[in-house]
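Student: Have a look at this fold, sequence not included:
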Ligand SMILES: O=C(O)c1ccccc1N[C@@H]1O[C@H](COP(=O)(O)O)[C@@H](O)[C@H]1O
């Protein structure tokens, strides 16, 4: 059986590594320098970094230069997210050398462009399905963007390689992942799924790892690591069995 991949998250707002609650602007807790945070996860044995430009996602500016510096400083794989919505922002993201980008809003608002970049870049494009219930949310999770399963079927038919599925109601809450949502998405697609939102304990990670045979490939871990609920070393050990 494959091991669950873990992607520690570094979300950047106003130059700082932060965690939000339910993705709500203004709910930030700050954790200092993003590069230091990223290097901490790399030193602890991470194979992936989930790196998000939150200002670009919210439309409150961007942290593009800093994000690029972090991505370029990593020896590990980087999934880059936030504000990648057109050719220029995609080119800048890919030029950082990141392994893949995660597209949210554009997959809801600009499906033709997303179909084009999926065809062009294949595995380097993941789509972030950020949901409340089964309704997708875009523009910093402030606007409805259609039905999860209809969008998933469309993206599947266009060849999307992978989905990052976030339950907004769980994100940043330390309330445990939405396993039912993950199971339902895995049942609806044969593409790998990266789970995001709610991880609070090693048992949560073991529960997500139990979904690897159903199609879950990885889990993003944010607040739990910053709040020191467990260490990344412990997390990696927990999912390696
Ligand atoms: O990660 C968050 O906490 C988050 C909160 C609010 C909005 C977005 C958030 N994260 C990431 O941003 C991308 C979406 O960016 P865009 O819509 O493509 O500009 C999403 O995939 C999340 O990974």
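Tutor: Sure thing, it's come through. What you see is a predicted model, and the numbers here were worked out from it, not measured in a lab. Numbering: from 1, shown residues only.

Student: Can you list the low-confidence ranges for the chain?
Tutor: Applying pLDDT under 70 to the chain flags residues 1, 241.

Student: Apply 90 and report the result again.
Tutor: Counting by pLDDT under 90, the ranges of the chain that qualify are 1-2, 23, 140-141, 171-172, 241.

Student: is the nearest residue to residue 81 once chain neighbours are set aside in a bridge, and if so with what?
Tutor: Leaving aside its chain neighbours, residue 81 sits nearest to residue 102 (3.8 Å; criterion: Cβ to Cβ, 6 or more residues apart in numbering). From N, CA and C alone the C-beta is placed, and that goes for glycine too. When assigned by DSSP bridges, residue 102 has beta-bridge partners residue 81, residue 126.

Student: Could you report the neighbour count for residue 102?
Tutor: By the measure other Cβ atoms under 10 Å, the count of residues near residue 102 is 27.

Student: what's it in contact with, if anything?
Tutor: Contact partners of residue 102, counting by Cβ atoms under 8 Å, 6 or more residues apart in numbering, are 50, 79, 80, 81, 84, 126, 127, 128, 164.

Student: Show me what from the protein comes close to the ligand.
Tutor: Applying Cβ under 6 Å from any ligand atom, we find that the chain lies next to the ligand at 11, 20, 23, 52, 54, 56-57, 81-85, 102-106, 128, 130, 138, 140-141, 171.

Student: Let's see that with 8 Å instead.
Tutor: For the chain, the residues in contact with the ligand (Cβ under 8 Å from any ligand atom) are 9, 11, 19-20, 23-25, 50, 52-54, 56-58, 81-85, 102-107, 128, 130, 138-141, 164, 166, 168, 171-172, 196, 222.

Student: mind listing what's buried in stretch 225-239?
Tutor: Across stretch 225-239, burial judged by 16 or more other Cβ atoms under 10 Å covers 225, 226, 229, 230, 232, 235, 236, 238, 239.

Student: That should have said stretch 146-160, apologies.
Tutor: Using 16+ other Cβ under 10 Å as the test for burial, stretch 146-160 gives 146, 148, 151, 152, 155, 158, 160.

Student: Around the nearest residue to residue 100 once chain neighbours are set aside, how many other residues sit close by?
Tutor: Computed as Cβ to Cβ, 6+ apart, the closest residue to residue 100 that is not its neighbour in sequence is residue 124, at 4.8 Å. Residue 124 sits with 17 neighbouring residues when counted by other Cβ under 10 Å.

Student: Distance of residue 124 relative to the ligand?
Tutor: 15 Å (Cβ to the nearest ligand atom, to the nearest Å).

Student: So that residue sits against residue 103, correct?
Tutor: No. Applying Cβ atoms under 8 Å, one finds residue 124 not in contact with residue 103, separated by 10.6 Å.

Student: all strands of this structure, in order?
Tutor: Ranges of strands within the chain are 5-13, 16-19, 29-30, 48-53, 77-81, 100-103, 125-132, 135-138, 143-147, 163-167, 193-196, 216-221, based on DSSP state E.

Student: Need the winner for burial among those strands.
Tutor: Mean neighbour count (mean count of other Cβ atoms under 10 Å) peaks for strand 193-196 among those, with a mean of 28.
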